[in-house]
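In: Task: produce atomic coordinates for the following.
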Amino acid sequence: MIKDFFKTLVSNTKSLVGLCLLGFFVLVAILAPVIAPYPPKLDRLETVVELGEPSLEEEILSEDYPSDARDVIVYRSTLTREYEKTVDYFPLRAKPSAAHPLGTNHAGNDLFSQLVWGTRVSLTIGLLTGLFVTVLSLTLALLSGYLGGVADDVITFVTNVMLVIPGLPLMIVVAAYVTMKGTLPIVLILGLTGWPYPTRLLRSQVLTLKNRDFVRVSKSLGERTSFVVFREILPNMISIAMAEFFATSMAAILGEATLEFIGLGNVTVVSWGTILFWAQANGALLSGAWWWFLPPGICIALVGTSFVLINFAIDEISNPRLRKR
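Out: Next up is the predicted model:
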């Protein structure tokens, strides 16, 4: 099943385009130190030039006068060099140029470098959140759907309560009261507010597979619960679990950008969301500085497009009517 899943991902044309597009952003995130011409928060270039030849300086440490009236002087020699340092500040709010392909922001930081470095942060938050939510929802769905009983009642009740609460306001309220700043708190906020719907969907799939003939045969043969869950049920949920992973990852990237845009994230970390935050805070939309706010928006849209294209292959796997002969 897993082998067929990855085979379908590659054989499907739309999915292959999505994988290539996602792979491009992953490579940009990995090679950010090589691709970006400057560090993300650099606003100046410093040039140090050595002037002339080094001069010898002698420092007298002590003078002794022995009995034979000879002077013994202890000294230390040091080489001193003269340097000239030149500091060139980047222009503020500069338009795109050869030195700065996407211009600079209000602090003089190169926006192309920030866009490249922001790819690493935004993709990391999206993929980590998707993985966290997928593992959590799969675990809860298997406990609820397969074991049943009290575990099913408790998990279903909590899931239904969380589904009633609007996701975005809940995420904003939680983010407002979290004092920690950084990538991990955002992943936890997005994950803890995004697990109910995938859990509900995966639980229904578990209930369907639980009553299939191959599962009943395994139970009648006396197989252990762990064998039935991990060898019979879980492999048949790979496609729908991967679909939820990509959907949750895209929602996490949008959620992170939303939190950063309204100022509830960590604006000191460079991401696509923080670039949009500073663009909005400094009137880039009103002044028509498209090079400031348009590139991160396009990147978010392209990542979302890659996830949608990959889901075409996942739909083909999960829906037999869409499979090619």
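In: which element is the residue positioned nearest the centre of the chain on?
Out: For the chain, Thr124 is the residue whose C-alpha lies nearest the centre (C-alpha atoms, centre = their mean; 2.0 Å). According to DSSP states H and E, Thr124 maps onto helix 111-142.
In: Quick one: list the elements packing against that helix.
Out: Using 3 or more C-beta pairs under 8 Å, 6 or more residues apart in numbering; DSSP states H and E, the elements in contact with helix 111-142 are helix 13-30, helix 32-35, helix 183-192, helix 196-210, helix 238-261, helix 272-281, helix 290-318. Using the backbone N, CA and C atoms, a C-beta is placed for each residue, glycine as well.
In: Just want the angle from it to helix 183-192.
Out: Per axes from the mean of the first three to the mean of the last three C-alpha atoms, to 10 degrees, the angle that helix 111-142 makes with helix 183-192 is 40 degrees.
In: tell me what the helix or strand following helix 111-142 is packed against?
Out: The element immediately downstream of helix 111-142 (helix or strand, assigned by DSSP H and E) is helix 149-164. Applying 3+ C-beta pairs under 8 Å, 6+ apart, one finds that helix 149-164 contacts helix 196-210.
In: follow-up on the earlier one: make TSV from the helices and strands packed on helix 111-142 and add distance to Glu223 and mean neighbour count to it.
Out: Shown next, in TSV, are these (distance: least, C-beta to C-beta, whole Å; neighbours: other C-beta atoms under 10 Å):
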stretch	distance to Glu223	mean neighbour count
helix 13-30	34	16
helix 32-35	48	13
helix 183-192	33	20
helix 196-210	14	19
helix 238-261	20	22
helix 272-281	48	23
helix 290-318	25	19
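In: I'd like those as CSV, with mean pLDDT and distance to Val135 appended.
Out: Formatted as CSV, these follow (pLDDT from 0 to 100; distance: least, C-beta to C-beta, whole Å):
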stretch, mean pLDDT, distance to Val135
helix 13-30, 90, 20
helix 32-35, 92, 27
helix 183-192, 83, 10
helix 196-210, 88, 10
helix 238-261, 87, 9
helix 272-281, 90, 24
helix 290-318, 86, 18
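In: closest one to Leu143 among those helices?
Out: Closest to Leu143 of the helices and strands packed on helix 111-142 is helix 196-210 (C-beta to C-beta; 9.2 Å).
In: Just the C-alphas of that closest one, formatted as PDB.
Out: Output of helix 196-210 as PDB, limited to C-alpha atoms (Å, rounded to 0.1, in the frame of the first residue of the first chain):
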ATOM      1  CA  PRO A 196     -10.300  18.400  15.900                       C
ATOM      2  CA  TYR A 197     -11.400  18.300  12.300                       C
ATOM      3  CA  PRO A 198      -8.700  15.800  11.200                       C
ATOM      4  CA  THR A 199      -9.500  13.600  14.200                       C
ATOM      5  CA  ARG A 200     -13.200  13.500  13.400                       C
ATOM      6  CA  LEU A 201     -12.500  12.600   9.800                       C
ATOM      7  CA  LEU A 202      -9.900   9.900  10.600                       C
ATOM      8  CA  ARG A 203     -12.200   8.500  13.300                       C
ATOM      9  CA  SER A 204     -14.900   7.900  10.700                       C
ATOM     10  CA  GLN A 205     -12.300   6.100   8.500                       C
ATOM     11  CA  VAL A 206     -11.300   3.900  11.400                       C
ATOM     12  CA  LEU A 207     -14.900   3.000  12.100                       C
ATOM     13  CA  THR A 208     -15.300   2.000   8.400                       C
ATOM     14  CA  LEU A 209     -12.100  -0.100   8.300                       C
ATOM     15  CA  LYS A 210     -12.900  -1.700  11.700                       C
END
